[in-house]
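Asks: Return atomic coordinates for the entry below.
(chains A and B)
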Amino acid sequence: MTFAALITLFAAAALVAALMVAAGVFTWAERRILGFFQERLGPNRVGPFGFLQWVADTVKLITKEDAPPPGADRFAYRLAPVLASAPILAGFGVVAFAPGLSIAALDMGLIFALGMLALTVYGIALGAWASRNRYAMLGGLRAGAQLLAYESFLGLSLMGVVLLTGSFRMGDIVTAQTELWFVFQQPLGALLFLIAGTAAAHRLPFDLQESEQDLVAGFMTEYSGMSFALFFLGEYLAILLVAALATTLFFGGWLGPWLPAPVWFGLKVGVICFGFIWLRAALPRPRYDQLIGFAWKVALPLALLNLLITGAIVVGGQP
Amino acid sequence: MSLDAAPQSSLVETLKARFGPAILAEQATGEAFPVVWIAPEASPAIHRFLKEEVPQPFTLLADLWAVDETRRSHRPAPARGVTLQSHLISLDRNADIRLKVACDETMPRAPSIAPVYLAADWYEREAFDMFGVQFDGRASHRRILMPQDWPGHPLRKDHYARATEQPPFRMTEQSFSAAEEANRIDPEALGLPLLKDGEELMVLNFGPHHPSTHGVFRIVLGLYGEEVIWAIPDIGYHHRGAEKMAERQTWHGFIPYCDRIDYLGGVTHELPYLMAVERLCGIAVPPRAQVIRVMLCEFYRIMNHLLFYGTMAQDVGQMSPVFYMFTDRERGHRVLEAITGARMHPAFFRIGGVAMDLPQGWDALVRDFLDWMPPRLDDYRRMVLNSDLFRIRTVGIGAYDTATALNWGTTGPGLRATGCGWDWRKARPYSGYDGFDFDVPTGTRGDIYDRTVVREQEIRQSLRIIRQCLDHMPGGPVKADHPLTTPPDRNAMLHDIDTLIPHFLATSFGTVVPAGEATGQVETHRGLAQYSLISDCGTSSYRTRIRTPSFAHLQMLPHILPGMTVADVVAHIASIDFVMSDVDR
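Replies: All right, here's what the predicted structure looks like:
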């Protein structure tokens, strides 16, 4: 094993650890922020401002009994949470946090990240199937249908950016925004990406597969303990990944004056995450068929239109 | 009640002219409506006549219940072992009629009127469950509140009232699985399809433990994909036998149980009970007590509607409003706590008045609340009702018209959302509601959205009523000066032997209410609550029939849910605004 590979391994381990902490902190931040939105306090007992609540929760989840329901397919039941969280961690491997600061600066980085994001649905469908619970089943089916509907324009929505940059590499995309963030050149693309990203991260109003009011907890209904925690971790990491992608693609990545590059990146991700939390506090959830209809009938044509116009401009602008 | 006596007796004449000997007798009661004994075999025809043929028909079957007459000493003449009673209401003539059928003691039988009034279905099941009344013409007799394998019929006088009267309860492996098997719901046995287009339906047990069923309520759904093909509501998980308990408690001691009939309604259910008791005793409630009662009832109406509004938004996935509304409820509860000393179950009303006078400074508290609410309501309107996402989830969904609503016994906001402006507070003002200036909000489409809007408007109207209570609170006593009020006035007791003796008797044994029958009707936040009491001149009620609005409302579900998706089911049952304690009693 070469020295460089060791370094990469070490960096990857550090990144995974940092992401776990980030997801934990995010759960705390979300609960506090939701609390303030909703005239209540949120967790404020463990540590200063309740900051260590996520540590306490993690300890609780680790020590909690993880009981598969009777009749469950045990192997699939155990595998599902891993499938739901591991790809997201892998997806972070291509994210460029600062110039040259990424685990793997793949040429097809963007495609890789999107692919990893989409892979989580296997975990969800598998978990739903393995649980032998009809609520979980409905949740899993919804997740599948929603994935098809939203994945279709998730990729298309950022093709405009790729056209403008001419590269799938994260670093290239960021450096192409030195003059102007792509959100100003691609407002429609940015909007569609954020919508699809919300759906990919299963956040309200697109959290149909775990819609508490009708499906109890959807595919997670039968999960407890660490298996549940892994699903949960996957969800929060997915939000962070979507926010990181959005930052990279549309909001200039690490670019920004005065502060060091990774700080800018983190700040932008934080602001987008705050937006997700805000959405969750504000919006009702449309019905399943309404959302799928919206994806196919409104969002997909708009994404195609956006791609068409961008393509025409790029081609027309060439000498 | 402002019921005109003349056309009512002419109605009985009409019935006599039409059905002759089938009209057995007209019972003289202190009620504001005629009580007519009819021959069992003519019952469906008479019901159909009243529902469809008389001018200004009796479209609403408010209640149908049975009475075990076997131990009653003041028994009206035609009564035999079990009496089956139905209470019909005509909105057009603003009048009621009660029909009674005398049945045998050992084998009570009567013809079913479910083909006439759809709402009778569950009531007949309940009469079978509680009294063993067999209904000719019914396909099956399934218990509705008790477990299917329950021995005996609990409201019969020979059925024990307390578990301690029985040998210790033991659950063996065998009895457990037998009970499981007996209570299993088999859609096939109920004649429901298990296939659609050759594909197997998914049978989903929705509840009894589900976050959106608002209590222990179970619906068995037959799903084709996400579409509901059929639905079987199953109730009884919250049954506590309140009607049986009423036969053991003193008249006064039953008041706290009323709070628990609808645990979100606070004092609201005490009012119909006490109105009936006061009618039996001939007590006139002093004006100050009446206004206090109205004020508290309206407060609890607001409390309930706020909870409804928040959970309605929550059930379509909107997370925040319910938290804001709990802040408001907290403020309201602070006022209620100051006045009654309790939050959810105050047991504040008494026979002939209320427990105590308003505390010093109550007006400032109430005024604070009245000033606090309107801007908040405006916020909620922007947040919930004007939200497009909320509208696409609710407009046009779960809609029914006025005729359907009445046919199923729907009252309250669920009826008013269809455009029918019927409100007992307006139609038959009780407890001095005629002195208040307020409107009855109505909807037009009768869908989930309109039901929400009607309740939101009702909060504003209730605020108006409370404001009037605040501005015009009369002085004077808060309890009637009557020997049967419980307990009698203490100052009089200390100086007067004629009060001391009744005081001693009433506090040691309980008030003895004169024999008779009386009914109290109240427009609660959910609809009609009707308490029909029979006193046999004892210290507790001979029969307390509690008609609650939610029971009737749930009955409509199998007919309205098919065609909806699972998410719509959640939104629809949220918009009914039921409480399981109110359904099961």
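
Asks: Buried ones in stretch B:506-525, by neighbour count?
Replies: Buried residues in stretch B:506-525, counted by 16 or more other Cβ atoms under 10 Å in any protein chain shown: B:506, B:510-513, B:515-525. Heads up, the C-betas are built off the backbone N, CA and C, glycines and all.

Asks: partners of the host helix or strand of B:Ile89, with directions?
Replies: In this structure, B:Ile89 sits in strand B:82-90 according to DSSP states H and E. Using DSSP bridges, strand B:82-90 pairs in its sheet with strand B:60-68 (antiparallel), strand B:95-103 (antiparallel).

Asks: mean confidence score for the last one?
Replies: Okay, so that is strand B:95-103. Mean pLDDT, strand B:95-103: 88.

Asks: How far off centre is the helix or strand just after that strand?
Replies: Using DSSP H and E, the helix or strand that directly follows strand B:95-103 along the chain is strand B:109-111. Distance, stretch centre to chain centre, for strand B:109-111: 25 Å (Cα atoms, centre = their mean, to the nearest Å).

Asks: sorry, back to before: can you tell me which of the strands paired with strand B:82-90 is packed in deepest?
Replies: The highest mean neighbour count among the strands paired with strand B:82-90, using mean count of other Cβ atoms under 10 Å in any protein chain shown, belongs to strand B:60-68: a mean of 25.

Asks: Out of the buried residues of stretch B:506-525, list just those in strands.
Replies: Judged by DSSP state E, these include B:Gly516, B:Glu517, B:Ala518, B:Thr519, B:Gly520, B:Gln521, B:Val522, B:Glu523 as members of strands.

Asks: give me the element B:Ala45 is part of.
Replies: helix B:43-48.

Asks: Now look at the top helix by length along chain B and say if it contacts chain A.
Replies: Using DSSP state H to define each element, chain B has its longest helix at helix B:287-315. Yes - against chain A, helix B:287-315 shows contacts by Cβ under 8 Å from any Cβ of the partner chain at B:Ala313, B:Gln314, B:Asp315.

Asks: Format these as a markdown table; extra columns: neighbour count and pLDDT.
Replies: A markdown table is the format used below for these (neighbours: other Cβ atoms under 10 Å in any protein chain shown; pLDDT from 0 to 100):
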| residue | neighbour count | pLDDT |
| --- | --- | --- |
| B:Ala313 | 27 | 89 |
| B:Gln314 | 22 | 87 |
| B:Asp315 | 27 | 87 |
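
Asks: Just name the closest of these to chain A, please.
Replies: B:Asp315 (4.8 Å; Cβ to the nearest Cβ).

Asks: Please name the residues that touch that closest one.
Replies: Contacts of B:Asp315 were listed using Cβ atoms under 8 Å, 6 or more residues apart in numbering or on different chains, and they are A:Gln213, B:Ser212, B:Val570, B:Ala571, B:Ala574.

Asks: Reduced to three states, what does residue 249 come out as?
Replies: Unless you meant another one, I'm taking chain A. Recorded secondary structure, A:Leu249: helix (DSSP: H, G, I helix; E, B strand; the rest coil).

Asks: was after chain B, sorry
Replies: Classified using three-state DSSP, B:Gln249 is coil.

Asks: For B:Ser535, see how far away it is.
Replies: B:Gln249 sits 13 Å away from B:Ser535, going by Cβ to Cβ, to the nearest Å.

Asks: before we move on, what about B:Arg334?
Replies: The separation that B:Arg334 has from B:Ser535, given Cβ to Cβ, amounts to 38 Å.

Asks: Of these two, which one has the most company?
Replies: B:Ser535 (25 against 14; other Cβ atoms under 10 Å in any protein chain shown).

Asks: Can you name the next helix or strand after the host helix or strand of A:Ile88?
Replies: Assigned by DSSP H and E, A:Ile88 belongs to helix A:74-91. Heading C-terminal from helix A:74-91, the first helix or strand you meet, by DSSP H and E, is helix A:109-131.

Asks: buried residues in that next one?
Replies: Going by neighbour count (16+ other Cβ under 10 Å), the buried part of helix A:109-131 is A:109-110, A:112-114, A:116-131.

Asks: Look at A:Gln209 and report its pLDDT.
Replies: pLDDT at A:Gln209 comes out at 67.

Asks: how about the nearest residue to B:Arg80, chain neighbours excluded?
Replies: B:Ala102 (4.5 Å; Cβ to Cβ, 6 or more residues apart in numbering or on different chains).

Asks: And for B:Trp65?
Replies: B:Arg545 (4.7 Å).

Asks: Please apply the same query to A:Met137.
Replies: In this structure, A:Met137 finds its nearest non-sequential neighbour in A:Ala128, 5.6 Å apart by Cβ to Cβ, 6+ apart.

Asks: and the one you found, what does it touch?
Replies: Per Cβ under 8 Å, 6+ apart, neighbours of A:Ala128: A:Ala136, A:Met137, A:Gly139, A:Gly140, A:Leu141, A:Ala143, A:Gln209, A:Gly218, A:Phe219.

Asks: Quick check: it vs B:Ala120, distance?
Replies: 43 Å.

Asks: what about the closest residue to A:Phe228 other than its chain neighbours, distance to chain B?
Replies: Distances taken as Cβ to Cβ, 6+ apart place A:Met220 nearest to A:Phe228, at 6.2 Å, with adjacent residues excluded. As judged by Cβ to the nearest Cβ, to the nearest Å, A:Met220 and chain B stand 13 Å apart.

Asks: thought B:Pro108 was touching B:Gln134?
Replies: Yes - counting by Cβ atoms under 8 Å, B:Gln134 is a contact partner of B:Pro108 at 6.7 Å.
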